[in-house]
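# can you look at this prediction? I've put the sequence above it.
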Amino acid sequence: MGQGVTRVLIVDDNHDLCEVLIGFLDSQSDMSVVGIAYDGIEALKKISELEPDVVVLDIIMPHLDGMGVLERLSEQRLNHRPKFVVLTALGQERIVQQLTDIGADYYVVKPFDIQTLADRIRQVMSSHQVIKGRHMEYSPPSRDLHSEVTRLIHDMGIPANIRGYTYLREAIILVIGEVTLLNSVTKELYPRVAETFDTTAARVERAIRHAIEIAWTRGNIELLNGLFGYTVSSEKGKPTNSAFIARIADKIRLDIRAS
C-alpha cells in the first residue's frame, strides 16, 4: 500500500451497498477498503483490530446501531481514533447534532452519490473540524420505477390484494424521488400517499405496517435476509415503516445504477 492511501472500514448491514462501495472505493488510487462489518458489535471489534483511517458508518443496523458504536467509542481510549463519515436516512437537526456531539465527523443523507462520498472521505482526512453534510441532490431515474418497485415487493411475498401493498409501493416511489420525505414520514409521506388514494394518513401507516408484518411472517426469507441482513428475525423484531421504505428505496436505486 502506497504512501497516503486512506484505509477505509465500511459498516453497513446492506450487503448490496457494501459491494458497491467496495468496488468504487478500492478503484480510487488514494483509498483502500480494509474491512467490512455488518453490525455494530462487529464494527467495534474491527475498528480496534484494523485501526482504519476512516469508518463509513450506517446508523440503522442490528445488534448495535451507529449511534451506539459512536457512544461506546467515545467512552474508550483508542490508540488510533478514525474519522467517521455517517450514513443516515434521517437529516433532522436534532439527530445531526447528536451525531456530531458523539463523534461523527461528517454525515451524508441517503441516497447519496458515491463519487461525492469519496470526496467527503478525502475532505475529512484533510480537515480537523467537524463538517456537516448536506443532502446530495438526486434526480429520479428514467427507468420504470413503478415496475421495479412492484417486482421487488411482490418477490418479498407481500400479496397484491392488500391495501398496504399499494400504499407501500407509492411510498417507496415517492422516497426514491424525494428522499427528504423520510425526515417527516408521519407529517409528509403518509399524507402524500393518503391524498393519492383518497384515504387517511393513519390508515396508510397501519396498512404499510400490516404489509411488512406479512412479509416477515410469510414472505421470502432469503430475499429479506439479503436486503435486511440479521434483522430478519422474530426475536429481533421487524424494521419500522420508515426503515423498511428507506432500505427498499436504496435497493431500487442501486439496481438502477448498476444496470
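Structure's in. What do you need? Numbers count the residues shown, from 1 in each chain.
# what's in contact with stretch 46-57?
Stretch 46-57 is contacted from outside by 6-12, 21, 34-35, 37, 43, 66, 69-70, 73, 78-80, 82-87, 104, 117, 121, 124-125, using Cβ atoms under 8 Å, 6 or more residues apart in numbering. To be clear about C-beta, it is placed using only N, CA and C from the backbone, and glycine gets the same treatment.
# mean confidence (pLDDT) on it, please.
Averaging pLDDT along stretch 46-57 gives 94.
# can you get me the start-to-end distance on it?
End-to-end span of stretch 46-57 (Cα to Cα, to the nearest Å): 12 Å.
# now residue 30, what are its backbone angles?
Note on residue 30: backbone dihedrals following degrees, to the nearest 10 are phi -110, psi 20.
# surely it meets residue 4?
Yes: in this structure, residue 30 is within contact of residue 4 by Cβ atoms under 8 Å, at 6.0 Å.
# beyond the lowest-mean-pLDDT helix or strand in the chain, next helix or strand please.
Ranked by mean pLDDT, DSSP states H and E, the weakest helix or strand in the chain is helix 93-101, scoring a mean of 69. Moving toward the C-terminus from helix 93-101, the next helix or strand (DSSP states H and E) is strand 106-109.
# next secondary structure after that next one?
Moving toward the C-terminus from strand 106-109, the next element (DSSP H and E) is helix 114-125.
# buried among the contacts of stretch 46-57? Need that as a selection in PyMOL.
Selection of buried members from the contacts of stretch 46-57 for PyMOL, criterion 16 or more other Cβ atoms under 10 Å:
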select buried, resi 6+7+8+9+10+11+12+21+34+35+37+43+66+69+70+73+82+83+84+85+86+87+104+117+121+124
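# which of the contacts of stretch 46-57 fall within strands?
6-11, 34-35, 37, 83-87 (DSSP state E).
# and the residues you listed as TSV, adding pLDDT and distance to residue 99?
Shown next, in TSV, are the ones in strands among the contacts of stretch 46-57 (pLDDT from 0 to 100; distance: Cβ to Cβ, whole Å):
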residue	pLDDT	distance to residue 99
6	95	21
7	96	22
8	97	19
9	97	18
10	97	18
11	96	14
34	96	23
35	96	22
37	95	18
83	92	13
84	93	9
85	92	11
86	89	6
87	85	11
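# ok so residue 171 is a strand residue?
No: with DSSP: H, G, I helix; E, B strand; the rest coil as the criterion, residue 171 is located in helix rather than a strand.
# burial count for it?
The number of residues packed around residue 171, counting by other Cβ atoms under 10 Å, is 29.
# got the contact list for it?
Applying Cβ under 8 Å, 6+ apart, we find residue 171 in contact with 189, 190, 193, 204, 208, 245.
# now for the residues you listed: which two are most distant?
Pairwise distances across the contacts of residue 171 peak at 11.5 Å for 204 and 245 (criterion: Cβ to Cβ).
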